[in-house]
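> build me a model from this:
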Amino acid sequence: MTDIRAEPLSVDEVRAAVAEPAAGAVAIFVGTVRDHDHGQPVAALSYSAHPSAQDEMARIAEKVATSHQILGLAIAHRTGDLEIGDLAVVAAVSAAHRDEAFAACRELIEEVKASVPIWKHQSFTSGDSEWVNSA
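Here you go, the predicted structure:
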């Protein structure tokens, strides 16, 4: 499962997507909207995705899945307006053992963050704002 959506994310849904009877480990990463960045209080943020973002996320998921001995992999990323505490991204990987689950989950989230064209627009309580991950 790879999903980019405007609707709220569910840790349970992503975890269920990687459920396997042979899995002895499930590593889950949950990225939430925090109330600060670079020493400034954050009021809110919005995520925008390029039309190619879904395909790129699926490509990365496939690459990670084939480079690790895992049983399941899923990731969902939110778009639109989010508030402090909202889930921005949820990734899960199941494997027979924890080392592979942790390694694959970390690689998945790092690659998605680095390569998928999803941009964050942060609004600070000062009235300033900034775009993150935009070139």
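
> C-alpha only now, for contacts and for neighbours.
Noted.

> per-residue pLDDT, the residue nearest the centre of the chain?
Taking C-alpha atoms, centre = their mean, the centroid of the chain lies closest to residue 89, which sits 3.1 Å from it. For residue 89, the model assigns a pLDDT of 98.

> mind listing the helices for the protein?
11-17, 53-67, 98-115 (DSSP state H).

> tell me how many other residues crowd residue 113.
15 (other C-alpha atoms under 10 Å).

> what sits against residue 109?
29, 91 (C-alpha atoms under 8 Å, 6 or more residues apart in numbering).

> 6 Å instead, please
With contact set as C-alpha atoms under 6 Å, 6 or more residues apart in numbering, residue 109 has no partners.

> tell me how far the nearest residue to the residue nearest to the centre of the chain once chain neighbours are set aside lies from residue 127.
By the measure of C-alpha to C-alpha, 6 or more residues apart in numbering, the closest residue to residue 89 outside its immediate chain neighbours is residue 77, 4.4 Å from it. Applying C-alpha to C-alpha, to the nearest Å, the value for residue 77 to residue 127 is 26 Å.

> ok, the two, which is more surrounded?
residue 77 (24 against 8).

> how near is the more buried one to residue 120?
For residue 77, the distance to residue 120 - C-alpha to C-alpha - is 12 Å.

> where in the chain is pLDDT low?
134-135 (pLDDT under 70).

> now do 90
38, 132-135 (pLDDT under 90).
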